[in-house]
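1. Fold the following and give me the result.
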Amino acid sequence: MKLNYQIIIVGGGTGGIMTAAQLLKTNSKLEIAIIEPSETHYYQPAWTLVGAGAFDYKKTAKPMAEVMPKGVTWIKDKVTKLQPEANRLETASTGILQYDYLVLAPGLVMKPDLIEGLPEALERGVAVSNYIDPEKTWEKLRDFNGGNALFTQPTTSIKCGGAPQKIAYLAADYIQKQGLEAKSNVVFATPGSVIFGVKEIRTTLMQVIEKYGMHFRPFYAPVKIDSDRQEVLFKSTHPEENQCVINEDSRLGEEQHGDFSITIPFKFLHIAPPQAAPDFIRDSVLANGNGWLEVDHHTLQHKNHANIFGLGDVAALPTAKTGAAIRKQVPVLVENLLSVLQDRAVTNNSYQGYSSCPLVTAYDKMVLAEFDYEGNFTPDPKLKRLLIKDSSKEHRRLYLLKKYGLPYLYWNKMLKGATV
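-> Just a heads-up that it's a prediction; the model follows:
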C-alpha cells in the first residue's frame, strides 16, 4: 500500500466527504486519501425523527463505499497518533502515513462514562439516547404510559446542541396524542441558562414549552444516573445561587440533596451523553486546552501548522456543531487549502460561524434557527421561496423541509461536492 499522499483527510463523515468532493471538483488530479474505519455512513440529523417514530432508520444509512468520491483512496483504518512536526500520522493497522497537507474532520466521540452510572443505564435500557440508538428511543417512548419523561444533556460540548430538546418536544406531542398528558410530566433539564441562545428562537421555544406544559429546568447538570431507583442526580451550574429547586407541589417527586443538588425520578429518560474530541486529537499538540482542534475561526487553518486544516465537530469553533455549519465551512477550507497548495497564503476568512439548528417542535412543525458567532439570527433568504416569511416561528413547511428536503440535498448534492 502507498504510504505517502499529497492530501490526507481524516474522517469519512460529512466534513471529510464534502471536502474531498469539492477539492476534486476543482482539481481532479489531486492525490487524496481518506482515513475512515466505518463501513457505513449515516445521515444523523434524521435520528431525532427516528427516535419519535417519524423516520425509517434504514434510510439514514448508506455503505461508505457509495459516498466516497471517485478518485479518492479509501484507507479503512483508525488514526492513533498525529506527528505534525514530521508531516505524518500513525494508524492502527497500516502504520505510518506521510502527507503534504492534512485535513482533520474525525468528528467527536461519545463519553458516557463522564456521568456516573450512565454507561450502565444505557446498557440496561434504563436510559436511551438518539445519539446512540434512536430506534431504542422510539421503542421506549411507545412503552411510556405516564410519569416523568425526563430529557437532559451534559455540560460538555455536544453535536447538534438542539437535539436533546427536539426529542422532548416530539415526546410531548406524542404524549398528548396518546391522551397521557394528565398523568405525565415532560421535563427538560439543561446545564445552560436559557433554552436557546438566539433571542428570536428562544421566544418561540418558550411558547412551545408553555403550550405543552413542560417543566423547564435551566442550570441543571446531570452528574449521576441511578438505574435501580430510576432517578437522576443534578447539580446546579448557577454561579451565584441554588437553582435546583423542588416544585411547591412536589409534582415531580424531587428530593433535595444539600443546597446545590437534587434528584428527579423518571419513567422515561433521554440523555445526550458527554462528548469529546477523539484521543488522537486530544493527545496531540494540535489541540487547545479543552482538547478540541485549534484552528483559526475564520480560515479553518491550524494556528501553528500552515499545512493543516480542520472543520466540523472536532474543531474548536465557538458555534454549534452541526452539518449545516460544515456546509458553510467546507468551501472556505477548500479555497484556502488550494491557495496553500499553490504556495500562497490563505485569503478566504469568510467563515463567520454560521450554523443551523432545525428545531422540530411537533410531528408537523419546525423552527429553523440560523445564526453566526455573535448569536445573530441569520435566516436564509431562499426560505421565502418556500413561502416562509419568518423561520423563527413554527411552520409545517419547515418540517417538510427537515423530513424530505434536507435528506435529499445531503445525499444528492452536499456529499457530491455541490455548494448548497
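
2. Would you mind measuring the gap between the ends of stretch 308-318?
-> End-to-end distance for stretch 308-318, by C-alpha to C-alpha, to the nearest Å: 19 Å.

3. can you give me how far it is from the chain middle?
-> Distance of stretch 308-318 from the chain centroid (C-alpha atoms, centre = their mean, to the nearest Å) equals 13 Å.

4. do stretch 35-49 as well
-> Between the centre of stretch 35-49 and the centre of its host chain there is 12 Å, according to C-alpha atoms, centre = their mean.

5. which helices and strands does the helix or strand of the chain with the lowest mean pLDDT pack with?
-> When the helices and strands of the chain are scored by mean pLDDT, DSSP states H and E, strand 255-256 comes last with a mean of 87. Packing partners of strand 255-256 (3 or more C-beta pairs under 8 Å, 6 or more residues apart in numbering; DSSP states H and E): strand 261-265. C-beta here means a position set from N, CA and C on the backbone, and glycine is covered the same way.

6. quick one: secondary structure of the residue lying closest to Pro84 once chain neighbours are set aside?
-> Excluding the flanking residues, the one nearest Pro84 by C-beta to C-beta, 6 or more residues apart in numbering is His305, at 5.0 Å. When classified by DSSP: H, G, I helix; E, B strand; the rest coil, His305 comes out as coil.

7. tally of neighbours for His305?
-> 17 (other C-beta atoms under 10 Å).

8. again with Gly289
-> For Gly289, the count of nearby residues is 7 (other C-beta under 10 Å).

9. where does it land on pLDDT?
-> Gly289 is assigned a pLDDT of 95 by the prediction.

10. Repeat that for Lys328.
-> pLDDT, Lys328: 97.

11. Pretty sure it sits against Glu370.
-> No. In terms of C-beta atoms under 8 Å, Lys328 does not count as a neighbour of Glu370; the distance is 10.1 Å.

12. okay, and the common contacts of the two?
-> Jointly contacting Lys328 and Glu370 under the rule C-beta atoms under 8 Å, 6 or more residues apart in numbering are 354-355.

13. Tyr354: what's it in contact with?
-> Applying C-beta under 8 Å, 6+ apart, we find Tyr354 in contact with 319, 324-325, 328, 370-372, 378.

14. Most neighbours among those residues, please name it.
-> Highest neighbour count within the contacts of Tyr354: Ala325, with 25 neighbours (other C-beta under 10 Å).

15. residues touching it, list them.
-> Going by C-beta under 8 Å, 6+ apart, Ala325 touches 312, 317, 319, 353-356.

16. Tell me if I am right that it is in a helix.
-> Yes. Counting by three-state DSSP, Ala325 falls inside a helix.

17. I'd like to know how far it sits from Leu49.
-> 20 Å (C-beta to C-beta, to the nearest Å).

18. Also Cys357?
-> For Cys357 relative to Leu49 (C-beta to C-beta), the value is 14 Å.

19. Reformat the contacts of Tyr354 as CSV; add distance to Asn348 and secondary structure.
-> Output for these, formatted as CSV (distance: C-beta to C-beta, whole Å; DSSP: H, G, I helix; E, B strand; the rest coil):
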residue, distance to Asn348, secondary structure
Thr319, 17, coil
Ala324, 19, helix
Ala325, 16, helix
Lys328, 12, helix
Glu370, 21, strand
Phe371, 21, strand
Asp372, 16, coil
Thr378, 19, coil
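
20. Just give me the closest of these to Phe216.
-> Phe216 has its nearest neighbour among the contacts of Tyr354 in Phe371, at 20.7 Å by C-beta to C-beta.

21. hang on, isn't the closest one packed against Lys199?
-> No. Applying C-beta under 8 Å, one finds Phe371 not in contact with Lys199, separated by 10.1 Å.

22. Quick check: neighbours shared by those two?
-> Counting by C-beta under 8 Å, 6+ apart, the residues touching both Phe371 and Lys199 are Phe377.
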